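Colleague: Below are the sequence and a predicted model for it; my questions follow.
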Amino acid sequence: MLSSAASPFLRHIERCRNVTLSAGRLPLFHEGTTIGLVDPACLYWLEDPACTGLMTVTDQAVTLPDARNLRELSLRLARQERYTPFHEWFDVRSPTGKIIGQIDRALIPVFGVEASGVHMNGLVRKASGLHLWVARRSPQKRLDPGKLDHLVAGGMSSGLTPEETLMKEAEEEATIPAGLSRQASHVSTLHYAMSRPEGLRRDRLLCYDLFLPEDFVPHINDGEVESFHLMPVEEVFRRVRDTDEFKFNVNLVLLDLFLRLGMFDKQDSLALADSLYMGEAE
């Protein structure tokens, strides 16, 4: 059982695992395996004559004869103004991890396919203790505007490895040169399934630590970040515990960091780890 000091952290885990799959959705089949879970409220999109031949739709399932159709489907649905595209392609994978097609990022929660992203803790060792660089998201961001975020975080676009994604996002978001960002270490992988206003999120978060020089200062580059702040890790801990200032999934990655830093007593650490890493394959 969690102590009163640690129990507030549990709400972040519960928020990111607020559905039981299939969450009332229809399976999206490809070659006999489930690659997604389709929102039934959007089935009429797929039954439109403009989408004829791309998918087979019944009241029990949606079948994708050729995964390459996902790209064409994304384009046709955008032309019909069924959704607002990101114009950013994400890979769709089979359960074995094989890339089978691409989909516009905005359709991922509609079709309930798994998406991957990277999150990097930008850490600084100072005489006064360990500090963490924190970003504040731009108020113009489509998702979670104005929330606190990691120094570097982003979805894994089609064709990129996690390491390539990390270096790309580090340069774009915080002007961190590749020679520095490639020193980041992969420390954990987290999964969750969550119902959000945009749909079903089935995310795989690849978590990294990067220890930065004390004199390093990130700079805003692509406009996705409003500002950067260097905070003592104890202050970050307090904000995660007492507020909802951080973007929803950032709390999970920070909780993983706090556990690795030993910021909970043994009993609380074991209980939180059981919840955070429940069902993790990695």
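Modeller: In hand now; what should we look at? Predicted model, so just to flag it, every value in this text is computed and none were measured.
Colleague: What are the boundaries of the helices in the stretch 101-250 of the chain?
Modeller: With helices called from DSSP state H, counting those that start in this stretch, the stretch 101-250 of the chain shows them at 108-111, 162-174, 178-181, 233-242, 250-260.
Colleague: a markdown table for those, including distance to Phe9, mean neighbour count and mean pLDDT?
Modeller: Backbone N, C-alpha and C define where each C-beta goes, glycine included. Listed next are the helices of the stretch 101-250 of the chain as a markdown table, based on distance: least, Cβ to Cβ, whole Å; neighbours: other Cβ atoms under 10 Å; pLDDT from 0 to 100:
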| stretch | distance to Phe9 | mean neighbour count | mean pLDDT |
| --- | --- | --- | --- |
| helix 108-111 | 25 | 23 | 97 |
| helix 162-174 | 26 | 21 | 96 |
| helix 178-181 | 28 | 14 | 96 |
| helix 233-242 | 6 | 17 | 98 |
| helix 250-260 | 6 | 22 | 98 |
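Colleague: for these, which one sits closest to Glu198?
Modeller: Glu198 sits nearest to helix 108-111 of all these, at 4.7 Å, using Cβ to Cβ.
Colleague: Would you pull up how far that closest one lies from the middle of the chain?
Modeller: Averaging C-alpha positions (Cα atoms, centre = their mean, to the nearest Å) puts helix 108-111 13 Å from its chain's average.
Colleague: other SSEs contacting it?
Modeller: strand 33-38, strand 199-211 (3 or more Cβ pairs under 8 Å, 6 or more residues apart in numbering; DSSP states H and E).
Colleague: With distance to Thr165 as extra columns, can I get these in JSON lines?
Modeller: Below are these laid out as JSON lines (distance: least, Cβ to Cβ, whole Å):
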{"stretch": "strand 33-38", "distance to Thr165": "21"}
{"stretch": "strand 199-211", "distance to Thr165": "8"}
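Colleague: quick revisit: Ile13: which of the helices of the stretch 101-250 of the chain is closest?
Modeller: Here helix 250-260 is closest among these (Cβ to Cβ), at 6.7 Å.
Colleague: So what's the gap between stretch 215-235 and the chain middle?
Modeller: 19 Å.
Colleague: Quick one: end-to-end length of that stretch, please.
Modeller: Taking Cα to Cα, to the nearest Å as the measure, stretch 215-235 stretches 20 Å from start to finish.
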